[in-house]
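A.B. asks: here's a sequence, model it:
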Amino acid sequence: MIRERRVPVADQGKLRPNKVVKRVKDATGISFNISDHTKAWKLYNVRPKGYTASGCKTEYCQYSEAFNEYVYTEQWVAFLIKKAQNPKELQKIRNYKD
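C.D. replies: As a prediction, this is how the structure comes out:
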């Protein structure tokens, strides 16, 4: 008899920025890079600058205290795919300035 053992996984289903970029590129075929991702989270106010647990739109990102960085959700990937497929929105992302 085999017993299945369940082990809790921290940050399950959360993605680091490089995986978000890859998923957007793969889904759209558009050249989308880390710079575009950074401009997007700033443009859409998804998270604060710096590293703090407060101020995140939790449907799109969460702060990982263990790694002192932000991780992103599947909803964020879907949101970015939708925006990247719209040429005007993609240009808006790419033209964003702090």
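
A.B. asks: which residues does stretch 56-72 contact?
C.D. replies: Around stretch 56-72, the neighbours that count as contacts under CB atoms under 8 Å, 6 or more residues apart in numbering are 10-11, 14-17, 20, 41, 44-48, 51-53, 73, 75-76, 79. C-betas here are computed from N, CA, C, even on glycine.

A.B. asks: same thing but at 10 Å, please
C.D. replies: With contact meaning CB atoms under 10 Å, 6 or more residues apart in numbering, stretch 56-72 is reached by 10-11, 13-17, 19-20, 23, 37, 40-41, 44-48, 51-55, 73-80.

A.B. asks: buried residues in the helix or strand bottoming out on mean pLDDT in the chain?
C.D. replies: In the chain, the helix or strand scored least confidently by mean pLDDT, DSSP states H and E is strand 61-64, which has a mean of 92. By neighbour count on 16 or more other CB atoms under 10 Å, the buried set for strand 61-64 is 61-64.

A.B. asks: kindly report the same for stretch 71-91.
C.D. replies: Counting neighbours by 16+ other CB under 10 Å, stretch 71-91 gives 71-73, 76-77, 79-81, 83-84, 90 as buried.

A.B. asks: between those residues, which is nearest residue 29?
C.D. replies: Residue 29 has its nearest neighbour among the buried residues of stretch 71-91 in residue 84, at 9.7 Å by CB to CB.

A.B. asks: for the closest one, what are its contacts?
C.D. replies: Counted by CB under 10 Å, 6+ apart, residue 84 has contacts 24-25, 27-32, 36, 40, 90, 93.

A.B. asks: mark which of those residues are buried, thanks.
C.D. replies: 24-25, 27-28, 32, 36, 40, 90, 93.

A.B. asks: so where's the chain shaky on pLDDT?
C.D. replies: In the predicted model of the chain, residues 7-12 satisfy pLDDT under 70.
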